[in-house]
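Colleague: Sequence first, predicted model second:
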Amino acid sequence: MNPKEGVKIVKIINFVPRKDLSRLENLNGFIGLCKHQLTLWEDVPGWQWDNISWPIYRNIRSIRFTDWEHRAIHIHAISMPNISLSQPILDLAKSYIRYRHTQAPHKNAAKEVVAFRVIEAVLTADELGSDITKFNEKHLNACFDLLRTYAAPGALASYLIDILKRLAALSIITSKAQFWVHPFVGRSSDSSVNGSKASSETKAKKLPDQNALLALAEIFSKGYVEGALDDIDIMVTSIVALMLSVPMRVAEVLRLTTNCLQTDLDKNGQTQYYLNYWVPKINAYDKKAIPATMAPIAIEAIKRLLKITHKARELAKYYEGSPTSFYRHDLCPEIGNYDAMTRNQIADAVGYKYNDSVMHLIQIHLGTKSIEGLTLSKLWNEVVIPEHKKLNPHFPYQEGLESSQSKPPKMSDCLLCFRNFQFHSRNITSPILVCGFTPAQFTLRLNSRDRVDRKNPRTMCIFNKHGYKAVRLKSHSLRHFLNHLAYHAGIKVELIAEWSSRASVNQTFVYVDDAKYLESKARARDITPAPQIREYLPPIEESLAESMQEPHQRTVYGLCLRSWKAGPCNKTFDCLNCSELLMCKGDKIALEMVKKEHENLKITFDNAKKALENGERSATRWMKLTGPYLEKLSQLENILTNPEIPDGSPIQAINCNDFSIEQSIVHKKITDAGLELIDASSLKRQLSLEIIDELHQLKLEKREKDNG
């Protein structure tokens, strides 16, 4: 039976170790099988076994087999000598990754390379060279010490242990490795140290530097003046603006399209803006709501990005037609396709000054610096097109295709599509070469640290460029920031997880700090059936508000129960002295206001007391009236901060010298009738007890009649 057209048949070859052979013989046999018999990646452009980097991923240009010392070396220095893993660790790392991907493709090869780096560093320090066959438990503990320098050592240690166990199963290292475990568990786990169970201080450090946000806001505001910002400034500040509009991951900006901004009507009939883009975590496009306060900023950011990427998209559209004629940009010389060109015409066509860079480009693709007989047609088909394919191996897409995911948008439809050297400080933007966007072009410009490992330690940082204090802003901290704000604004954790396109609700607690919620969730697991944990959103649950069946007013202290039928409130701005105020334990806004009022009144009261002690009697009456109120504020603050009172408990003042709804209605009826309701004590002639009893009896009869 013939295979279906377009389906690639992959032959799975498994390595079967021989127990009667030495570890070294099994090692060499494993490397030989993976190097010469496996065929994975042979059809990938730029892939060769002997290369120090392998371009095997869609979004990652390559994985690099550099050693521990050169693990952070710049991509342009990758061709330097003596920076790779030494043999046979180098061939073992390549063999292992190729073997594992042949069995089951995954996206963690870069982490596996880290494991091989620490293995080689530890063996070299023990003067064993790269003899992996002598790896023992002492070396394992030394590997864990090196992994502690990473932010998530537990995850990397898991990959290390998995590699060692597989090598043990292949009879390459000691069989004891099957029983090895790593120490990053419990209180030392990634979750406890830097994840959902981390301390409040640790989570607070993940939030972005406020000075950095203010600086970026100031730079963004300059963009309303034409020409005030260059393309780099617009790119950085606009992406930050979008990442502050929805909780986006930096890699997700690659699939933003020109129509990513969408609108709809919310339940109140108001326009709601959304950002629609591809989310790899859920393997689908997702529509994220933009908060109303950020909508104008997001609209402006997209408008600016569309403007600076317009020419790049036009160029990408031209390439999609597989053209054979030179792209006639604004500076292209007006000559025929087959006319011989001068140096100046070549420079104009390429878009650069006629210098060594132009000659180097021509020499790379033509093998000579001679320009004799060079025409626009030859320059396009033999120089420009090959260079374009080199820069954009996945064209017309920015990223490679994967069978498990939908097709990415074409470069001509991407919001972030640029031309070559558009973000270069010294070279002129190319008018003929389109270039895909990489997250590094954005993240490196938010890092103000000097790179001492480079010849030029100056950074590309936008803060330094605009004269701000050296700060560093991690792109993921913006996602932390939005989750933090949403949580403390009372948004449910489930909604935050959905807004963030997160696979699990529990992952949200990596971003927010709520130990009580986690404790209650832990207790709930031990109860069958598990109860629903009710989240109270101050000032009051919605069911109570709905049961009132009439308009109600939300004050800074809580919910006012006064009916609109009773007319205007006579105690405006004096809510805490009114029994018609319903407060809610857990209302952070109300607690803050009570604390602030208590603190301010206490200061005034103490000053008045000192004045009274100094002989000033004018404050006596004020203090007499204020003292009980100050005590009341103190008691109220204690109630609102009492941990024994569960959040969501209603709190209402009693014995206030105020009115009720019924009193207000009766008073209005009496006034409209031209009557006056007076107290018995004000009468000159006291009523007899018999009359009072008669009135009381009439009142009871009236109540029984009303009750039916």
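Modeller: Sure thing, it's come through.

Colleague: What is the burial count for residue 214?
Modeller: 11 (other C-beta atoms under 10 Å). Just so you know, the C-beta spots here come from the backbone N, C-alpha and C atoms, and that holds for glycine as well.

Colleague: Residue 262 - nearest residue in space that isn't next to it in sequence?
Modeller: Spatial nearest neighbour of residue 262, chain neighbours left out: residue 274 (4.6 Å); criterion: C-beta to C-beta, 6 or more residues apart in numbering.

Colleague: With residue 478 instead?
Modeller: Leaving aside its chain neighbours, residue 478 sits nearest to residue 243 (4.4 Å; criterion: C-beta to C-beta, 6+ apart).

Colleague: List the residues that contact that neighbour.
Modeller: Going by C-beta atoms under 8 Å, 6 or more residues apart in numbering, residue 243 touches 250, 253, 475, 478, 479.

Colleague: Could you tell me which of those residues are located in helices?
Modeller: Mapping the contacts of residue 243 onto helices (DSSP state H) picks out 475, 478, 479.

Colleague: among the residues you listed, who's most crowded?
Modeller: Most surrounded of the ones in helices among the contacts of residue 243: other C-beta under 10 Å gives residue 478, at 26 neighbours.

Colleague: how near is that residue to residue 241?
Modeller: Distance of residue 478 to residue 241, computed by C-beta to C-beta, to the nearest Å: 10 Å.

Colleague: Grab the nearest non-local neighbour of the residue nearest the centre of the chain.
Modeller: Central residue of the chain (C-alpha atoms, centre = their mean): residue 479, 2.4 Å from the mean position. Distances taken as C-beta to C-beta, 6+ apart place residue 247 nearest to residue 479, at 4.7 Å, with adjacent residues excluded.

Colleague: thought that neighbour was touching residue 487?
Modeller: No - the pair residue 247 / residue 487 is not scored as a contact, 11.4 Å apart, by C-beta atoms under 8 Å.

Colleague: neighbour count winner among these two?
Modeller: Shown here are residue 247 and residue 487; by other C-beta under 10 Å, residue 247 has more neighbours (24 against 20).

Colleague: helix, strand or coil for that one?
Modeller: Secondary structure state of residue 247, per DSSP: H, G, I helix; E, B strand; the rest coil, is coil.

Colleague: Let me see the backbone angles for it.
Modeller: phi -80, psi 90 (degrees, to the nearest 10).

Colleague: about what we covered before: save the contacts of residue 243 as JSON lines, and put in distance to residue 23 and pLDDT too.
Modeller: Below are the contacts of residue 243 laid out as JSON lines (distance: C-beta to C-beta, whole Å; pLDDT from 0 to 100):
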{"residue": "250", "distance to residue 23": "43", "pLDDT": "88"}
{"residue": "253", "distance to residue 23": "47", "pLDDT": "90"}
{"residue": "475", "distance to residue 23": "44", "pLDDT": "87"}
{"residue": "478", "distance to residue 23": "49", "pLDDT": "91"}
{"residue": "479", "distance to residue 23": "46", "pLDDT": "88"}
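
Colleague: just the residues you listed now: which is nearest residue 620?
Modeller: Closest approach to residue 620 among the contacts of residue 243 (C-beta to C-beta): residue 478, at 56.5 Å.

Colleague: Just list the residues touching that closest one, thanks.
Modeller: By C-beta under 8 Å, 6+ apart, residue 478 lies in contact with 208, 240, 243, 244, 247, 248.

Colleague: Neighbours of the last one, how many?
Modeller: This means residue 248. Close neighbours of residue 248, defined as other C-beta under 10 Å, add up to 24.

Colleague: gap between it and residue 224?
Modeller: According to C-beta to C-beta, residue 248 and residue 224 sit 24 Å apart.

Colleague: again with the first one
Modeller: Going from residue 208 to residue 224 by C-beta to C-beta gives 23 Å.

Colleague: of the two, who's got more company?
Modeller: Legend: neighbour count by other C-beta under 10 Å for residue 208 and residue 224, higher for residue 208 (23 against 10).

Colleague: What is the neighbour count of residue 262?
Modeller: Neighbour tally, residue 262, other C-beta under 10 Å: 13.

Colleague: In terms of helices and strands, where is it?
Modeller: Assignment of secondary structure by DSSP states H and E places residue 262 within strand 261-265.

Colleague: Output that strand as PDB, restricted to C-alpha atoms.
Modeller: Presented in PDB, the C-alpha positions along strand 261-265 are these (Å, rounded to 0.1, in the frame of the first residue of the first chain):
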ATOM      1  CA  LEU A 261      -7.800  44.800  17.500                       C
ATOM      2  CA  GLN A 262     -11.500  43.900  17.600                       C
ATOM      3  CA  THR A 263     -14.600  45.400  19.100                       C
ATOM      4  CA  ASP A 264     -18.000  44.200  20.400                       C
ATOM      5  CA  LEU A 265     -20.800  45.500  22.700                       C
END
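
Colleague: Output the following helix or strand past that strand as CSV - backbone C-alpha positions only.
Modeller: Per DSSP H and E, the first helix or strand lying C-terminal to strand 261-265 is strand 271-279. Taking Å, rounded to 0.1, in the frame of the first residue of the first chain, the C-alpha atoms of strand 271-279 are listed here in CSV:
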residue,chain,number,x,y,z
THR,A,271,-18.0,49.3,23.1
GLN,A,272,-15.6,46.7,24.4
TYR,A,273,-12.2,46.4,22.8
TYR,A,274,-10.4,43.0,22.4
LEU,A,275,-6.9,41.8,21.4
ASN,A,276,-7.1,38.7,19.3
TYR,A,277,-4.0,36.6,18.9
TRP,A,278,-2.5,33.1,18.8
VAL,A,279,-1.8,31.5,22.2
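
Colleague: Many thanks, I have nothing further to ask.
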